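Asker: What follows is a predicted protein model with its sequence.
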Amino acid sequence: MDKETFLAVCSAVRVPRPSYDQACVADYMEADGLSYSSFFRRYLLPNCPCVLAGSLTQEWPCRKLWVTGEGKPDFQRLLHDFGDAQVPVADCSVKEYNANPKQILPFRDYIAYWKEYIQLGHSSPKGCLYLKDWHMHRQFPEHSVYRTPVYFSSDWLNEYWDSIEVDDYRFVYMGPKGSWTPFHADVFRSYSWSANVCGRKKWLLYPPGQEEYLKDCHGNLTFDVTSPVLQDEKLYPQYHKACQPLEVIQEAGEVIFVPSGWHHQVYNLVIMKSCTGIDYGEFYTFLKIIAENRLSVLGIHADCTSSGSCRRTPDTVAALGPHHATFDLQRVAHILECLLSDQDFQRLDTDSLPSEPASLLGQITEAVALAL
């Protein structure tokens, strides 16, 4: 991030986000002419969706190795690389607690099902099965099948999970025509990005706040925004207030940016896609790791254990530079201030935390003042 952008966005975050026009559209951008600072100003900060052209992913190994010359999934190559893997598979034909029930299957069994599904004219007595939320990156770290675009390199969630080596939010989805994901928002209402390796996807997106009109009389979010049941005014009394969804057709190779808090529903037209349960204590630990990595970028702090070993700041964070580090620290400071004034957080035993929150806030505040 350059200094001009940093100064501009620091003032912008103090202004409430604008209401979204019902005619909102997703810009289509050629990545070759889009700098990180431009993306930050035009999409990330205003929280607006966009689609990045396939040129961004054309050199990815997954696009070269996982796809045939006809633009279809290369089942033979996929079986060679991942045949013995155990993968989560959802049944799109069944609703269970506002989601699709999942089972764990051998990857080779899922590919056998997929081939049969195609041969039977995109139907199966087993229903429509969708391989989704597969932590392939974590399960097969030796397979570098994609490279994170610079626009999404400030990824607090994965930065945190990588540092404690517990989990991650990098998923692979594979499914036949007709498979789909019910209406939802992404984990912790974070932003996300999704790269389409082959095939086509249809996205239906609603801006933040619209989900309130898509709840039934009991306050439950709808499972399917295309269902005729939404027309029932007794069951969905506020549906008439909802805007029309933003519809995006994502082609092979394209990357879609889904902003924070945007609820969405996704269909596989013919596809393979790659790509709140947290308590106060864990959330504070999350913020602490994010802050310490950025303090390290400013040359102010390094997290060292009693043995003298230090946690290395991720290269992607260091590459963002001091201005972006300072911007992120300002945001962390704001969140910490909100936490410290929260009555529930105040009841938390601070001895259970990795450090004193007020002390961390003071360190961040001092670092930001020096940087400015």
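Answerer: Yep, it's here.
Asker: Low-confidence stretches in the stretch 251-372 of the chain?
Answerer: By pLDDT under 70, the weakly predicted segments of the stretch 251-372 of the chain are 270-278, 301-311.
Asker: rerun at 90
Answerer: For the stretch 251-372 of the chain, applying pLDDT under 90 flags the ranges 269-286, 299-320, 331, 334-335, 337-357, 370-372.
Asker: Quick check: buried residues in stretch 57-70?
Answerer: Neighbour-count burial for stretch 57-70 flags 57, 60, 62, 63, 66, 67 (criterion: 16 or more other CB atoms under 10 Å). Any C-beta I mention is one placed from the backbone N, CA and C, and that applies to glycine too.
Asker: Residues in contact with it: which ones?
Answerer: Residues outside stretch 57-70 that contact it (CB atoms under 8 Å, 6 or more residues apart in numbering) are 73-74, 77-78, 81, 143-147, 195, 197-198, 252-255, 272, 274.
Asker: ok, now stretch 147-162?
Answerer: With CB under 8 Å, 6+ apart, stretch 147-162 has contacts from 31, 34, 36, 39-40, 44, 52, 56, 60, 167-170, 187-188, 190, 193, 255, 257, 285-286, 289-290, 293, 314, 316-317, 319-320, 324, 328.
Asker: Just the ones in strands from those residues, please.
Answerer: Those of the contacts of stretch 147-162 mapping onto strands are 52, 193, 255, 257, per DSSP state E.
Asker: would you list these in TSV and tack on distance to residue 107?
Answerer: Output for the ones in strands among the contacts of stretch 147-162, formatted as TSV (distance: CB to CB, whole Å):
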residue	distance to residue 107
52	29
193	24
255	25
257	29
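Asker: list the contacts for residue 101?
Answerer: 90, 91, 94.
Asker: Buried subset of those residues, written for PyMOL?
Answerer: The PyMOL selection below is limited to those of these classed as buried (16+ other CB under 10 Å):
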select buried, resi 90+91
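Asker: Pull out the buried residues from stretch 219-238.
Answerer: 221, 222, 223, 225, 230, 236.
Asker: Buried ones only from the contacts of stretch 147-162, please, as a PyMOL command.
Answerer: The buried subset of the contacts of stretch 147-162, as determined by 16+ other CB under 10 Å, is captured in PyMOL by this line:
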select buried, resi 31+34+36+39+40+44+52+56+60+169+170+190+193+255+257+285+286+289+290+293+314+316+317+320+324+328
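Asker: Which pLDDT value goes with the closest residue to residue 222 other than its chain neighbours?
Answerer: Distance criterion CB to CB, 6 or more residues apart in numbering; nearest residue to residue 222, sequence neighbours excluded, is residue 214 at 4.9 Å. With respect to pLDDT, residue 214 scores 97.
Asker: quick one: residue 214 and residue 267, what's the gap?
Answerer: To residue 267, residue 214 is 17 Å away according to CB to CB, to the nearest Å.
Asker: Out of the buried residues of stretch 219-238, which is nearest to residue 125?
Answerer: residue 223 (23.2 Å; CB to CB).
Asker: Correct me if wrong: that closest one contacts residue 181.
Answerer: No. In this structure residue 223 lies outside contact range of residue 181 using CB atoms under 8 Å: 10.9 Å.
Asker: quick check, residue 201 in a strand?
Answerer: Yes. With DSSP: H, G, I helix; E, B strand; the rest coil as the criterion, residue 201 is part of a strand.
Asker: if we can go back for a sec, emit the ChimeraX select command for whichever of the contacts of stretch 57-70 are buried.
Answerer: Here is the ChimeraX selection string for the buried members of those, based on 16+ other CB under 10 Å:
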select :73,74,78,81,145,146,195,197,198,252,253,254,255,272,274
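Asker: Take the contacts of stretch 57-70 and keep only those in helices.
Answerer: 77, 78, 81 (DSSP state H).
Asker: any idea how far residue 65 is from the last one?
Answerer: Taking CB to CB as the measure, residue 81 falls 8 Å from residue 65.
Asker: How about residue 106?
Answerer: Counting by CB to CB, the gap from residue 106 to residue 65 is 21 Å.
Asker: what do you get for residue 82?
Answerer: From residue 82 to residue 65 the distance is 11 Å (CB to CB).
Asker: from the contacts of residue 101, which single one is nearest residue 202?
Answerer: Using CB to CB, the contacts of residue 101 come closest to residue 202 at residue 90, 17.8 Å.
Asker: Which parts of the longest helix seen in the chain count as buried, going by neighbours?
Answerer: Longest helix in the chain, counting residues (DSSP H): helix 315-340. Neighbour counts over helix 315-340 (16+ other CB under 10 Å) mark 316-317, 320, 322-333, 335-336, 339 as buried.
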